[in-house]
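**Q** This is the structure alone, sequence omitted:
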């Protein structure tokens, strides 16, 4: 009986660590899986953003709009906010023409410097990034702060695209013709909502808020309260008219967009 | 005996899930390992491509050719296809001079916007990417669609490099001197095979086929059937002569390469 | 008794592989964890470097200095070496003004082409990368070889920033006004140590040593023994004076920095 009892005790003693190990191993596997999932998500978000750039290059608007969630928002330059995947497509096809590249046009939209972060639950992501745009009429530098959502199908899509411009100039360089291209644009189609922020580009500046804190200290990046463009002043006032002088093209022309009429 | 039988039964009952757990844990470990391996491979492929860029910068042709598999192919601009690592080295050293940087030359070859995918078996990879080339004579934008193979030594190498140009101009900018640099080039050494595709650069265009489908919808990106350059028309025909007008340099010169003689 | 003995034997036989499995599983988990940790570290280092670029853009010098270890070194252009986080902050605020962006200034500092490697112990990292600098006065191309350390708090910080310039020109392009901006700069504050290397930029060249070997062959990249700038010749000698001619601006001016007085 002693042996039997010993055996039984051994079994019990043995069972416990084995079961404990099973739990521990499962927990360890789950933790590693979550960390791998986060790395994969960061990669997939970068791929969606870079593919967005390749699609703009060649006017692939239908492909491009399918990168967005059904209720996504899009806000580029100073034009205002478009709501929903269908409006994203309408904006692109109305402003830039039907799907496809065109002889005599260049619309390179080169993506770089991505910083991606993922929410603790793993289903929302954010990307700060840049594009260097090389267009027939000139070139510019949007700075993106985009959001992404992972659908029930496990696929990452753009849920919010925000691309204010930092600099906009003709192909000769920013020394001669830097242009404040953030008047609320007049070209069709009209947006669903006005711009979330009105700002000016170089030679003025606008600090696009960071979605993430200082990666070393964890401190949030304080929003800039300085010069963010003419339209933070009341339209028609002396301050606004004066601020409109900031960042005007060196040659006085505004070939791309005009300030809104005084209304 | 009852206890003994119970003990034996317990052992059997116990043994089974433990063995099952061993199998399940092994399977879970294998799956995680495969996902980590895929992420590491994506990183290693990006490092090989970026290092290719750093080696071009400084004329490190022997180092550069060693990034290729023994039977790799290389096709840059409009020159045609070189087959094998030795021909890659011969091409570079003949066209650009012996190993090493040179005073008065700049050949920056800056890599960005990589999209990497890995085959299900983990041993083949593809990269879509760009370079921004800053050369003494001007600058250009190759768009890469490269393939990579993992050798038996576990090392990733370039098995196919394809770098058609999107835009080619002098240092003053694409507004004045954009150049269709895709005539089958005449400089030595001659390639082993003619170009896989003949196309024109800006102001014409060529949509480089994507190695990957739309990352959200999974739809393949349809090949472009429009203007892809003069040479998809029969040489010497009126259509071809007309298409040669597309994308000619603004000043009418073609200092880098001439169209092939009518033959 | 036979059954009891068999049971005991079974237990022993059973115990051994279970314990062995525990060890094997733990070892497998540890190995996977180390590989994930390495991938995460590479990502975090890239994020610190890219965030450094975003902070330079907008003059966020305090945020920027906090990306460095307390005893970090910083060496940019030809100015010499600053030692310690406090000196990094002093350098930035003295040379470029107090924290914050300024109307009329552009200091974009766009980061790309990172190649990151991690030490076997996982606590030191290195990054080769580039920036494309777009400044009001012109633009340039630093090539970074930086080092990073992971603190006891698990956070990666820059422990050494080395950013020699490859090319420096005004906004019109490198064809007209490429400038050798690597005279030991005279602007305040003075560095703690003289430059680690004296070199010239385009049209001369300097091959920045690689922190990593050829990723395919494992061969180290041999340091360049050719033209690395005027100051590897003894000051005041005919050879040095001749070498000073290399890379002078086309118009003869040196608006950014002057050679040191003969001393």
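**A** Ah, there it is. None of these values were measured; they are calculated from a predicted model.

**Q** could you say which helix or strand contains the residue nearest the centre of chain A?
**A** In chain A, the centroid-proximal residue (C-alpha atoms, centre = their mean) is residue A:146; its distance is 2.3 Å. In this assignment (DSSP states H and E), residue A:146 forms part of strand A:138-150.

**Q** partners of that strand, with directions?
**A** The strands beside strand A:138-150 in its sheet (DSSP bridges) come out as strand A:124-135 (antiparallel), strand A:156-163 (antiparallel), strand A:165-169 (antiparallel).

**Q** show me what contacts the residue nearest to the centre of chain A?
**A** Residue A:146 is in contact with A:49, A:126-127, A:129, A:158, A:160-163, counting by C-beta atoms under 8 Å, 6 or more residues apart in numbering or on different chains. Quick note: C-beta positions are derived from backbone N, CA and C, even for glycine.

**Q** just those now: which is nearest residue B:174?
**A** residue A:163 (22.1 Å; C-beta to C-beta).

**Q** Who is that closest one paired with across the strands?
**A** Here residue A:163, judged by DSSP bridges, has bridge partners residue A:76.

**Q** on that earlier part again, can you lay out the contacts of residue A:146 as TSV showing distance to residue C:117?
**A** Listed next are the contacts of residue A:146 as TSV, based on distance: C-beta to C-beta, whole Å:
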residue	distance to residue C:117
A:49	25
A:126	27
A:127	25
A:129	24
A:158	32
A:160	35
A:161	34
A:162	34
A:163	33
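
**Q** any idea which of those residues has the most stuff around it?
**A** residue A:158 (27 neighbours; other C-beta atoms under 10 Å in any protein chain shown).

**Q** isn't that residue right up against residue A:67?
**A** Yes: using C-beta atoms under 8 Å, residue A:158 is in contact with residue A:67, at 5.4 Å.

**Q** In chain A, where is pLDDT below threshold?
**A** A:1-18, A:137, A:171, A:173-186, A:198, A:223-263 (pLDDT under 70).

**Q** so where do the helices sit in it?
**A** A:2-57, A:61-65, A:85-96, A:174-177, A:238-244 (DSSP state H).

**Q** which non-adjacent residue is nearest residue A:123?
**A** The shortest distance from residue A:123 to any non-neighbouring residue, by C-beta to C-beta, 6 or more residues apart in numbering or on different chains, is to residue A:150 (4.7 Å).

**Q** And residue A:83, by the same measure?
**A** Of all residues not flanking residue A:83 in the chain, residue A:192 sits nearest, at 4.5 Å (C-beta to C-beta, 6+ apart).

**Q** Spit out the contact partners of residue A:86.
**A** residue A:65.

**Q** ok, now how distant is it from residue A:93?
**A** Relative to residue A:93, residue A:86 is positioned 11 Å away (C-beta to C-beta, to the nearest Å).

**Q** Setting aside sequence neighbours, what's the nearest residue to residue A:130?
**A** residue A:113 (4.9 Å).

**Q** my bad, should have said residue A:55
**A** Closest residue to residue A:55 apart from its sequence neighbours, by C-beta to C-beta, 6+ apart: residue A:64 at 4.1 Å.

**Q** and what of residue A:34?
**A** residue A:122 (7.0 Å).

**Q** List the residues that contact that neighbour.
**A** Applying C-beta under 8 Å, 6+ apart, the residues contacting residue A:122 are A:34, A:37-38, A:41, A:150.

**Q** Between those residues, which sits nearest residue C:79?
**A** residue A:38 (39.3 Å).

**Q** ok, that closest one touching residue A:118?
**A** Yes: the criterion here is C-beta under 8 Å, and residue A:38 meets it with residue A:118 at 5.1 Å.

**Q** Overlap of the contact sets of residue A:86 and residue A:93?
**A** Taking C-beta under 8 Å, 6+ apart as the contact rule, residue A:86 and residue A:93 touch no residue in common.

**Q** what's across from the residue of the stretch 1-150 of chain A found nearest chain C in the sheet?
**A** The nearest approach of the stretch 1-150 of chain A to chain C comes at residue A:112, 4.5 Å away (C-beta to the nearest C-beta). Residue A:112 forms beta bridges with residue A:130, as assigned by DSSP bridges.

**Q** Check the gap between it and residue A:205 for me.
**A** With C-beta to C-beta as the criterion, residue A:112 and residue A:205 are 20 Å apart.

**Q** can you check residue A:159 too?
**A** From residue A:159 to residue A:205 the distance is 27 Å (C-beta to C-beta).

**Q** Who has more neighbours out of these two?
**A** Counted by other C-beta under 10 Å, residue A:159 and residue A:205 do not tie: residue A:205 has more neighbours, with 28 against 20.

**Q** Look at the closest residue in space to that one that isn't next to it in sequence and say how many residues are nearby.
**A** Nearest non-adjacent residue to residue A:205, counting by C-beta to C-beta, 6+ apart: residue C:101, 4.5 Å away. When counting by other C-beta under 10 Å, one arrives at 19 neighbours for residue C:101.
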